[in-house]
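> Mind looking at a prediction? Sequence and model below.
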Amino acid sequence: MISQAIQEALNKQVLMEAESSQAYLAMASWAEIQPGLEGVTEFFYQQSDEERMHMLKLIRFINERGGFAAVPPLPQPMVTFPSLKKLFEEFLKHELQVSDSINDLVHLSLTEKDYATHNFLQWYVNEQIEEERTARTLNDKLELIGDDKSGLYLFDRDILNFRGGD
Ligand code: OFO
C-alpha cells in the first residue's frame, strides 16, 4: 500500500509524463508541416507514444499498490517553434525537468521507506539517462551543423538511429 504522500507525488509524475507526451506530439505536428523533416516528425511521434507508455506504467503501478491514479487535465503545450534548434532545446529542457522530478520521487520513496516504489522508479532513472543522452546528442549535432543544408538533410535522415530507451 502506498502512502498519501507517495500517491500524490506519483500522480504528479503521471501529469508530467502526460504533458511530455502532449509536448512531443505538438513538436511532431509542427515538424510535419515543415518541408523535409520527415525523420524529425517520426522521431517526435514515437517520442510522444513513449511518454504515454511512461504515464500508463505509472497509472497501473499506483492502482496496483492500492492507490488511485486520477487522470489529470492538460494545459496546451508549445505548438509552434521559431526554429528547429529551438525545438530541440525545448526537448532537452523538458527531459532535464523530468529527470529532476524523477530524482525527487526517488528521494521521497527513500524518506518514506517505500522500497517497492523505489524499486519501481529505477526503470525511470535508467530511462532518463537514455533520454538525456539522446537529447544532448541531437542538440550537439544541430550546433555543429548550423545552417548547413546537407548537414540538416543527414540529421533528418539519421535521427531515428539516435533514439535511446524504449
Ligand atoms: Fe522522457 O520522460 Fe518519460 O520518463
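Perfect, thanks for sending it.
> can we go C-alpha only for contacts and neighbour counts from here?
Will do.
> for stretch 153-162, which positions count as buried?
The neighbour-count check on stretch 153-162 (16 or more other CA atoms under 10 Å) flags Phe155, Asp156, Ile159 as buried.
> Over to stretch 35-49?
Neighbour-count burial for stretch 35-49 [16+ other CA under 10 Å]: 37-49.
> which stretch of helix or strand covers the closest residue to the ligand within the chain?
Across the chain, the shortest distance to the ligand (CA to the nearest ligand atom) belongs to Glu51, at 4.8 Å. For Glu51, the host element (DSSP states H and E) is helix 38-64.
> quick one: average confidence on that helix?
Averaging the model's pLDDT scores along helix 38-64 yields 98.
> angle of the helix or strand just after it against helix 38-64?
Proceeding N to C from helix 38-64, the next assigned helix or strand is helix 84-111, under DSSP H and E. Helix 84-111 runs at 20 degrees relative to helix 38-64, counting by axes from the mean of the first three to the mean of the last three CA atoms, to 10 degrees.
> List the buried residues for the helix or strand that helix 84-111 is followed by?
Reading on from helix 84-111 to the C-terminus, the next helix or strand found by DSSP H and E is helix 115-145. Within helix 115-145, the residues scored as buried using 16+ other CA under 10 Å are 117-118, 121, 124, 127-128, 130-136, 138-139, 142.
> Look up phi and psi at the residue nearest to Leu15 when sequence neighbours are not counted.
Nearest non-adjacent residue to Leu15, counting by CA to CA, 6 or more residues apart in numbering: Pro72, 6.1 Å away. Dihedral pair for Pro72: phi -90, psi 160, per degrees, to the nearest 10.
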